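[1] here is my input; please provide its structure:
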Amino acid sequence: MSNLVVVGTQWGDEGKGKLVDILAEFADMVVRFQGGANAGHTLIVDGEQLITHLIPSGILHPTKRCAIGPAVVVNPETLVEEIETLKQRGVKITPDVLIVSHRAHLVMPYHRALDAARESAKGSKKIGTTLRGIGPCLEDKAARMGIRMSDLLDSEVLAERLAAKLPEVNTLLSHYGQDTVKEKDVVSSLSELANRLGPFVGDVGEAVRQQMERGKNVLFEGAQGTMLDIDHGTYPFVTSSNTSAGAVCPLVGFGPHLIDGVVGVSKAYTTRVGAGPFPTELQDERGEKLREAGGEFGATTGRPRRCGWLDLAALRYAAAVNGLTSLCITKLDVLEGINPIRIGVGYRLDKKELASPPANIRELSRVEPVYEELEGFEGDLGEVRVWDDLPVQAQRYVKHLEQLLNLPVDIVSVGAGRAETIMLQNPYRREKSS
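    Numbering: from 1, shown residues only. Model prediction:
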C-alpha cells in the first residue's frame, strides 16, 4: 500500500499518535488532515513523553516530511510554541521538514473568548468543548468570514478581513459580558507570529499530490474519533469537523481512488471526554480502575476521561463509516486482572434490538447495552512483543473482536511506548482492498 489513513473509531483518545509514529517509519510524508489544537497526540519514545497538538506525530522521524493540511484550523501562537518545544527536545523543524497549508484557517484570540463564553452560558447543558476556539473558527470558515494562513502573511488583506469581522465579534462578546477587542491589538499580536511562521507556509495539497505521483507513501493522520464527527457522530456532542476517513480527500485535495487503506484505532475498552451519551460507561470501581490503569486524563485539557466496556455497536458503525481495512487495538494491557471482561455487542431500546447507535440523541441516552462476557487475563502484557507470548485469554479477546467485526487486527498495543507493540501485519504490506 502507498497511501494510508489513520482514524479514531471511538470518541477520540484511542492512541492514534502512537500508531502514526510507528507507521511513519514506512511513509515518506505524514499529513494531519483535520481538527486543530483541541487534539493532543501523546508519544512516548525511549521513556520520554511528547505531546503534539498540531504538528503530525511523524515529526519524530527526521527523514520524513510533515504537513498541516488545508482543513486544520491553526492557532498560530500554539504552533510557534510547539515548534520551539520540539526544537528544544532536539527535533529538527525546518521548512524542508514541515509545511503548513496557506489555506488553513486561523484560530484567533476572539474565537477562544467566544468559545469559553458560550460554554459558560450553557451552564449544565454545556457540550464540553476544549475551549480552544475550534468551533467559532470553523463557523467563520463556513460563513466565508475566516482568516487564513495566507492572510496572515498579507497585512493589507489581514486588515480588511479583521475590519469586516470585528464589529460582529465585539457585539457577541459584549452580549456575553466579555471585553471587546481592538483591531490594532490583534494585528500587533499576529505580526511577530507571521514572521516566525512565514517560511513554513506553502501549498500542502500540491505537495501531497506530487508525492503520490512519484509513488511515495503518504500517511494521513486524523484527530478525535468517528463518534465525534460533525455529521456521523453523537450530535450535538461532537467536534466541529469531519473526523472520518472519507473526509481526507476533499480536505487535502486529491481523488478518493488514491487511498489504499484505512486503519482504525480502538482501545480495548471505551472512553470519552465531555458530555453526551455513553451507553457502556462504568460508573463504579471498575470504571475507576480503567481510568487509573490507563492514565485516562486528557492530553489537551487534563480532564478525567469517562471509562467503560468496549462498545462494539459503535465500533461496527465506525468501521462502516470509515471503510476500515484493518484495526489497531490499543491499551490491551489495561484490562489485566479484570474478570470477567464484558463487550457491548449491541443495544436494546424499548425491547427492540439495535446493531448501531441511533441518530436521535435522546434515544441513544436510553439504550441498554447487550453484553457478551469473556474470561479475563493476568500477566504483565507490557513486556510482551510477540503474539504467541500473550496470555491465551488475551489472544481470544482480540480474535473474538476480529470475528464480531469481520475485520483483521493488524497491531496490538500493550503500553504507551513505541516498543510496547505487537505487529501481526504491517498495514503498509497489506494488499489494497478491491
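
[2] surely residue 307 forms part of a helix?
    No. Under the criterion used here (DSSP: H, G, I helix; E, B strand; the rest coil), residue 307 is strand, not part of a helix.

[3] per-residue pLDDT, it?
    pLDDT, residue 307: 97.

[4] ditto for the one 10 residues further on
    Residue 317 is assigned a predicted lDDT (pLDDT) of 98.

[5] surely it touches residue 357?
    Yes. Using Cβ atoms under 8 Å, residue 317 makes contact with residue 357 at a distance of 5.9 Å. Every C-beta, even on glycine, is put in place using the N, C-alpha and C of the backbone.

[6] comparing those two, which shows the higher neighbour count?
    A direct count of neighbours by other Cβ atoms under 10 Å for residue 317 and residue 357 places residue 357 higher, at 23 against 18.

[7] what's the spacing between the more buried one and residue 128?
    Counting by Cβ to Cβ, to the nearest Å, the separation of residue 357 from residue 128 is 18 Å.

[8] quick check: end-to-end length of stretch 417-425?
    One end of stretch 417-425 to the other measures 19 Å (Cα to Cα, to the nearest Å).

[9] please disregard the earlier target; I meant stretch 44-60.
    So stretch 44-60: terminal residues 11 Å apart, Cα to Cα.

[10] go through it and flag the buried ones.
    Buried residues in stretch 44-60, counting neighbours by 16 or more other Cβ atoms under 10 Å, are found at 44, 50, 52, 53, 54, 55, 56, 57, 58, 59, 60.

[11] how about those residues in TSV, adding secondary structure?
    TSV is the format used below for those (three-state DSSP):
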residue	secondary structure
44	strand
50	strand
52	strand
53	coil
54	coil
55	coil
56	coil
57	helix
58	helix
59	helix
60	helix
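
[12] and which of those residues is nearest residue 220?
    Of all the buried residues of stretch 44-60, residue 220 sits closest to residue 56, with 9.1 Å by Cβ to Cβ.

[13] hang on, the closest one packs against residue 66?
    Yes. Look at residue 56 against residue 66 with Cβ under 8 Å: they come within range, at 4.4 Å.

[14] now list whatever residues contact both of those two.
    30, 31, 32 (Cβ atoms under 8 Å, 6 or more residues apart in numbering).

[15] what about residue 144, distance to residue 100?
    According to Cβ to Cβ, residue 144 stands 21 Å off from residue 100.

[16] which of the two has more neighbours?
    Remark: of residue 144 and residue 100, residue 100 carries more neighbours, 28 against 6, as counted by other Cβ under 10 Å.

[17] contacts for the one helix or strand that one maps to next, please.
    Following DSSP states H and E, one finds residue 100 within strand 98-101. When contacts are defined by Cβ under 8 Å, 6+ apart, strand 98-101 is touched by residues 55, 59, 65-70, 72, 74, 79, 83, 149, 197, 200-205, 207.

[18] tell me which strands that strand pairs with, and in which orientation.
    strand 65-68 (parallel), strand 201-202 (parallel) (DSSP bridges).

[19] compute the mean per-residue pLDDT across that strand, please.
    Averaging pLDDT along strand 98-101 gives 97.

[20] can I get the CA coordinates of it in PDB?
    Taking Å, rounded to 0.1, in the frame of the first residue of the first chain, the C-alpha atoms of strand 98-101 are listed here in PDB:
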ATOM      1  CA  LEU A  98       7.300  20.900   8.000                       C
ATOM      2  CA  ILE A  99       4.900  22.600   5.600                       C
ATOM      3  CA  VAL A 100       1.700  24.400   6.800                       C
ATOM      4  CA  SER A 101      -1.100  25.000   4.300                       C
END
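
[21] what about that strand, distance to the chain center?
    Offset of strand 98-101 from its chain centre (Cα atoms, centre = their mean, to the nearest Å): 19 Å.

[22] just the buried positions in that strand, please.
    Residues 98, 99, 100, 101 are the ones in strand 98-101 that count as buried (16+ other Cβ under 10 Å).

[23] CSV for those, including distance to residue 276?
    Shown next, in CSV, are these (distance: Cβ to Cβ, whole Å):
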residue, distance to residue 276
98, 34
99, 35
100, 32
101, 30
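
[24] all strands of the stretch 1-150 of the chain, in order?
    3-8, 29-32, 41-45, 48-52, 65-68, 98-101 (DSSP state E, counting those that start in this stretch).

[25] quick one: closest of those strands to residue 120.
    Using Cβ to Cβ, the nearest of these to residue 120 is strand 48-52, at 26.1 Å.

[26] wait, a helix at residue 353?
    No. Looking at residue 353 with three-state DSSP, it is strand, so not inside a helix.

[27] check contacts around it.
    Counting by Cβ under 8 Å, 6+ apart, residue 353 touches 346, 347, 370.

[28] could you chop this structure up by domain?
    For the chain, the domain assignment from automatic domain parsing gives the residue ranges 3-101+201-261, 109-197, 266-429.

[29] chain center to the shortest one: distance?
    When you say that, I think you mean domain 109-197. 23 Å.

[30] for stretch 87-100, same thing?
    Using Cα atoms, centre = their mean, the offset of stretch 87-100 from its chain centre is 21 Å.

[31] residues of it that come out buried?
    Those would be 91, 93, 97, 98, 99, 100, for stretch 87-100 by 16+ other Cβ under 10 Å.

[32] redo the residues you listed as CSV? Include distance to residue 117.
    Listed next are the buried residues of stretch 87-100 as CSV, based on distance: Cβ to Cβ, whole Å:
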residue, distance to residue 117
91, 36
93, 34
97, 38
98, 33
99, 34
100, 28
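
[33] just these now: which is nearest residue 173?
    Out of these, the member with the shortest distance to residue 173 (by Cβ to Cβ) is residue 100, at 28.2 Å.

[34] any idea how far that closest one is from residue 230?
    For residue 100 relative to residue 230 (Cβ to Cβ), the value is 23 Å.

[35] low-confidence ranges, the stretch 1-150 of the chain, go.
    1, 45-47 (pLDDT under 70).

[36] all helices of it, in order?
    Counting by DSSP state H, counting those that start in this stretch, one finds helices in the stretch 1-150 of the chain at the ranges 16-23, 76-88, 109-122, 134-142, 149-152.

[37] can you list contacts of the fourth one?
    I take that to be helix 134-142. Contact partners of helix 134-142, identified using Cβ under 8 Å, 6+ apart, comprise 35-38, 73, 105-108, 110-111, 114-115, 118, 129, 146-147, 165, 239-241.
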